[in-house]
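# Model the following, please.
(one chain, ligands or ions: 1)
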Amino acid sequence: MMAKQYQTLGEFIIDNQADFPYSSGELSRLINSIRLAAKVVNHEVNKAGLVDIIGAYGETNIQGEDQQKLDVYANQKFIQTLTNREIVCGIASEENDDFITIAGCNNDHQNKYVVLMDPLDGSSNIDVNVSVGTIFSVYRRVTPIGTPVTKEDFLQPGNKQVAAGYIIYGTSTMLVYTTGHGVNGFTLNPALGSWYLSHPDMKFPKNGSIYSINEGNYVHFPEGVKKYIKYCQEEEEDRPYTSRYIGSMVSDIHRNMIKGGIFIYPKSSKAFNGKLRLLYECNPMAYIIEQAGGKASDGFSRIMDIQPTELHQRAPFFAGSKNMVEKAEEFMKKFQ
Ligand code: P6P
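Residues are numbered from 1 along each chain as shown. Below you'll find the predicted structure:
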């Protein structure tokens, strides 16, 4: 029997050029550059245990977190690929204190997109062989083309994103992204170096029975979160739910998008605005989740409507199946 023929990412981009309105092909070239860098990073992630590339790099990033060598490697690869292909005019990364200006070969700043990224999210899991991910977010610049980018180009609310996606380096490597016309998932065939449309038109189940939260922080949670956790654990209706927490947000949310569920990283007495970064973790994941029919909030209002003030600011994050997020928001609004 003939093996099922899957469309490749390249074919998909050509067939869906209309997804990139007003784009002179830059956005599709941007997605192409992401997939190239992802293949290179995937190769290193998959052999991390074999070469001396794991373990702390001896530096700490702006978050005060030990930089794993793969963090640094992934950051360099994505920046290099986006820079070399003359596609973007600026990049902001979790691993860089400030944004990077890219002038283009004629030093003319003619490119119109900026990219914000977490090059290797969940990197503390690298040494224990748990899946990690890359997260990226794309905006049109808001300052005049032809001038160097400013912080204003990066401090845009998530509702202005033109594209967002993640790569999950798991049992298989997948690229999942949206350009505002739904969400599609591509699986890498490492033998061929090709990405295949394995998950067309992904939809976030409206309901689910998985809740993902680090319950080790329970005593530090707001009352509303504590009440919601107890609600998930009660023997009522379709509950108790199943608790699943990988500690790698891309993996937790990817699983929940396939099976249904809610992911919560709330504020706490230990982390007043939560831990996750608004610009390059919450917003891109929220864009994907909403495009797939799910919901993403800070427990009270839409995460993508927050007007950012700082590049590395954090936000509480409640994301996933629409009905589950709305139930959690009920508890937050009632108990704070
Ligand atoms: P905790 C990984 O470092 C990360 O940024 C997310 O991917 C993950 O969801 C979260 O932190 C885990 O944090 O405090 O539960 O270990």
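
# residue nearest the centroid of the protein?
residue 135 (3.4 Å; C-alpha atoms, centre = their mean).

# residues touching it, list them.
Neighbour list for residue 135: 117-118, 121, 164-166, 250, 280-281, 284-285 [criterion: C-beta atoms under 8 Å, 6 or more residues apart in numbering]. The C-beta positions use only the backbone N, C-alpha and C, and glycine is treated the same way.

# Look up the residues forming beta bridges with it.
residue 118, residue 166 (DSSP bridges).

# Any figure for the gap between it and the ligand?
To the ligand, residue 135 is 9 Å away according to C-beta to the nearest ligand atom, to the nearest Å.

# All the helices of the stretch 51-200 of the chain, in order from the start?
69-84, 151-154 (DSSP state H, counting those that start in this stretch).

# now, of those helices, which is deepest in the fold?
helix 69-84 (a mean of 21; mean count of other C-beta atoms under 10 Å).

# Work out the gap between that one and the centre of the chain.
Its chain's average C-alpha position is 16 Å from that of helix 69-84, according to C-alpha atoms, centre = their mean, to the nearest Å.

# Make residue 1 into 735 and carry on from there
Got it, first residue is 735 now, which makes that one helix 803-818.

# counting contacts, what elements does that helix pack onto?
Where contact means 3 or more C-beta pairs under 8 Å, 6 or more residues apart in numbering; DSSP states H and E, helix 803-818 is packed against helix 760-780, strand 790-794, strand 822-827, strand 847-855, strand 866-874.

# how about low-confidence regions in the stretch 885-1034 of the chain?
Counting by pLDDT under 70, the stretch 885-1034 of the chain contains no low-confidence range.

# need the residues of it near the ligand, please.
The stretch 885-1034 of the chain comes close to the ligand at residues 948, 981-983, 999, 1009, as judged by C-beta under 6 Å from any ligand atom.

# which pair in those residues spans the largest distance?
982 and 1009 (12.8 Å; C-beta to C-beta).

# With neighbour numbers in mind, choose between those two.
Between residue 982 and residue 1009, counted using other C-beta atoms under 10 Å, the more crowded position is residue 982 (23 against 19).

# list the contacts for that one?
855-856, 859, 864-867 are the contacts of residue 982 under C-beta under 8 Å, 6+ apart.

# try 6 Å this time
Neighbour list for residue 982: 856, 859, 865-866 [criterion: C-beta atoms under 6 Å, 6 or more residues apart in numbering].

# Same question for residue 908.
Here residue 908 is in contact with 902, 919, 921 (C-beta under 6 Å, 6+ apart).

# ok, now residue 764?
residue 821.

# ok, 7 Å please
821-822, 847, 872 (C-beta atoms under 7 Å, 6 or more residues apart in numbering).

# Save those residues as a markdown table, and put in pLDDT too.
Below are the contacts of residue 764 laid out as a markdown table (pLDDT from 0 to 100):
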| residue | pLDDT |
| --- | --- |
| 821 | 82 |
| 822 | 92 |
| 847 | 94 |
| 872 | 97 |
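
# Check those against residue 1052 and report the nearest one.
Out of those, the member with the shortest distance to residue 1052 (by C-beta to C-beta) is residue 872, at 23.8 Å.

# That closest one and residue 894 touch, don't they?
No - look at residue 872 against residue 894 with C-beta atoms under 7 Å: they stay out of range, at 10.1 Å.

# of these two, who's got more company?
The residue with more neighbours, out of residue 872 and residue 894, is residue 872; 24 against 13, by other C-beta under 10 Å.

# so how far is the ligand from that one?
Residue 872 is 20 Å from the ligand, by C-beta to the nearest ligand atom.
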